[in-house]
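K.L.:
Structure for this input, please:
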Amino acid sequence: MSLPLHRPSPERAAPLPKARTRAEVSAAEWGDWRWQLRHRLTQLEDLEAFVTLTDEERRGVALAPGLFRVGITPYYASLMDRARADCPVRMQVIPLDKEERIARGEYVDPLGEDGLSPVPSIVHRYPDRVLLLALDRCAVYCRHCNRRRLVGQDDGVIPVAQLEAALDYIRRTPRIRDVLISGGDPLTLSTDKLEWIVSSVRAVEHVDIVRIGTRVPVALPMRVDDELCAMLKKYHPLYINTHFNHPKEVTPEAAAACARLADAGIPLGNQTVLLRGVNSEAHIIERLNRLLLKMRVKPYYLFQGDPVQGTDHLRTPVAAGVAIMERLRGRITGMGIPQLVIDAPGGGGKIPIGPNYLLAWGNGELTLRNYENKVVTYVEPQERDCTCSYDAC
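P.N.:
All right, here's what the predicted structure looks like:
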């Protein structure tokens, strides 16, 4: 038995159906997530049905087969600005010829995941949690993807034996309390296949929580149907982190998908990647985070772009992220302020960064500044022993 992925080998691949716009199909087809996956934009002629390509984009599409796969759902493509190449949706999924350039400090595996994999499909970076890579298919292939060495490269299957070995690693490693199911995008699996994975993880006694990382609410919101939500709600405590990068992605369809998940009792978080020219100004992140909160999605992380090969043109200077965080503080509720982090190259883990509000610390006093740059003094207590004598936790 094996779990099929959406990747027939090039030698045996049947031609993909022609990408079609919303006006060319019925509402039933457009609202069918499987139809959306079958009709993803993968070729130059597909993209030309939705946008007027620039020469730089045309060269990028021509180079893409040797770099990183192109795949865009018709729904997500419908959010693109036909005339403007600086459209923030378009910039995330249409390749440019700049992707063939490898800048200093860029890596094939920027987070060192391959060296942290005790068995295939498992990344064990932190003591109490693991990443379970359940598949290597996504609804769309983002040009900033940090796992492009794995995701969407070939079409084939992940054997159940490989996933069983990954699950067995979780079962025999009692320090694992938290499992993040990712890939690829787990919500592009059929509901029964996803349930097999989720239920298998939930059945492990020492696992406290299960998390799923997905961009489906952004790029394929019709996938979040009643059947999926009814299945997921059986396996609480279960959390979902999604990946909105720009307010343009917050559509009525995306909001409805998030509402269905939230109504199923699933806490939702969002991980935004800072992308130069897409969301690299404070007012864009503020607007996005206000919209997320209205959808019951907590802004969780704001990521400095990972230094994966071919993404130098999309990454921002670190100072840009720090300036955004400076702007957010005091201007939006604390619930709308994510944690700005650099995921350290080589597997060092997430390192928080941000503005410095601590100006001085010594002699039992702290000198601090607030978001308005007002300086205040905080006097520490005289008692210093922080031992907790009641230890019956």
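
K.L.:
Spit out the contact partners of the residue nearest to the spatial centre of the chain.
P.N.:
Nearest to the mean C-alpha position of the chain, by Cα atoms, centre = their mean, lies H243 at 4.3 Å. Neighbouring residues of H243 by Cβ atoms under 8 Å, 6 or more residues apart in numbering: 213-215, 218, 270-273. In this view, the C-beta of every residue, glycine as well, is placed from N, C-alpha and C.

K.L.:
Show me the strands in the stretch 201-350 of the chain, by range?
P.N.:
Counting by DSSP state E, counting those that start in this stretch, residue ranges of the strands within the stretch 201-350 of the chain are 209-213, 238-242, 268-273, 297-303, 339-344, 349-352.

K.L.:
and of those strands, who's closest to K374?
P.N.:
Ranking these by proximity to K374 (Cβ to Cβ) places strand 339-344 first, at 22.4 Å.

K.L.:
by contact count, what packs against the closest one?
P.N.:
On a contact count with 3 or more Cβ pairs under 8 Å, 6 or more residues apart in numbering; DSSP states H and E, strand 339-344 meets strand 297-303, helix 318-328, strand 349-352.

K.L.:
rerun that using 6 Å as the cut-off
P.N.:
Applying 3 or more Cβ pairs under 6 Å, 6 or more residues apart in numbering; DSSP states H and E, one finds that strand 339-344 contacts strand 297-303, strand 349-352.

K.L.:
tell me which strands and helices the shortest one is in contact with?
P.N.:
Which is strand 349-352. strand 339-344.

K.L.:
Residues contacting the strand it packs on, please?
P.N.:
111, 301-302, 304, 306, 321, 325, 350-354 (Cβ atoms under 6 Å, 6 or more residues apart in numbering).

K.L.:
quick one, what contacts G184?
P.N.:
135-138, 151.

K.L.:
Those residues into TSV, with extra columns for pLDDT, secondary structure and distance to S26?
P.N.:
Shown next, in TSV, are these (pLDDT from 0 to 100; DSSP: H, G, I helix; E, B strand; the rest coil; distance: Cβ to Cβ, whole Å):
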residue	pLDDT	secondary structure	distance to S26
L135	93	coil	29
D136	90	coil	31
R137	91	coil	25
C138	95	coil	25
V151	86	coil	31
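
K.L.:
out of those, which one sits closest to D128?
P.N.:
Looking across those and measuring by Cβ to Cβ, the closest to D128 is L135, at 24.1 Å.

K.L.:
Pretty sure that closest one sits against I181.
P.N.:
No. Contact criterion Cβ atoms under 6 Å: L135 and I181 do not qualify, at 9.6 Å.

K.L.:
between those two, what contacts are shared?
P.N.:
With Cβ under 6 Å, 6+ apart applied, the contact sets of L135 and I181 do not overlap.

K.L.:
residue contacts, F303?
P.N.:
F303 is in contact with V273, counting by Cβ under 6 Å, 6+ apart.

K.L.:
Need the pLDDT of it.
P.N.:
For F303, the pLDDT comes out at 97.

K.L.:
Kindly state the beta-bridge partners for it.
P.N.:
Beta bridges link F303 to V273, V341 when assigned by DSSP bridges.

K.L.:
what do you get for E365?
P.N.:
G362, V379.

K.L.:
Model confidence for it, exactly?
P.N.:
pLDDT, E365: 97.

K.L.:
Tell me the spacing between it and K374.
P.N.:
Distance of E365 to K374, given as Cβ to Cβ, to the nearest Å: 16 Å.

K.L.:
of those two, who's got more company?
P.N.:
Using other Cβ atoms under 10 Å as the criterion, E365 and K374 rank with E365 on top: 12 against 8.

K.L.:
Am I right that the more buried one is in contact with V379?
P.N.:
Yes. E365 is in contact with V379 according to Cβ under 6 Å; the separation is 5.5 Å.

K.L.:
Measure how buried N370 is and give me the count.
P.N.:
Applying other Cβ under 10 Å, we find 11 residues neighbouring N370.

K.L.:
Return the distance of it relative to L293.
P.N.:
22 Å.

K.L.:
and if you look at V341?
P.N.:
Distance from V341 to L293, by Cβ to Cβ: 20 Å.

K.L.:
pLDDT score assigned to the residue nearest to the centre of the chain?
P.N.:
98.

K.L.:
For it, give me the backbone phi and psi.
P.N.:
With angles defined as degrees, to the nearest 10, H243 sits at phi -150, psi 70.

K.L.:
ok, E383 - contacts?
P.N.:
Neighbours of E383 in contact, by Cβ under 6 Å, 6+ apart: none.

K.L.:
what do you get for I353?
P.N.:
Neighbours of I353 in contact, by Cβ under 6 Å, 6+ apart: 340, 342.

K.L.:
Tell me which of the strands of the stretch 201-350 of the chain lies nearest to A77.
P.N.:
strand 238-242 (19.0 Å).

K.L.:
which SS class is T367?
P.N.:
Under the three-state scheme (DSSP: H, G, I helix; E, B strand; the rest coil), T367 adopts strand.
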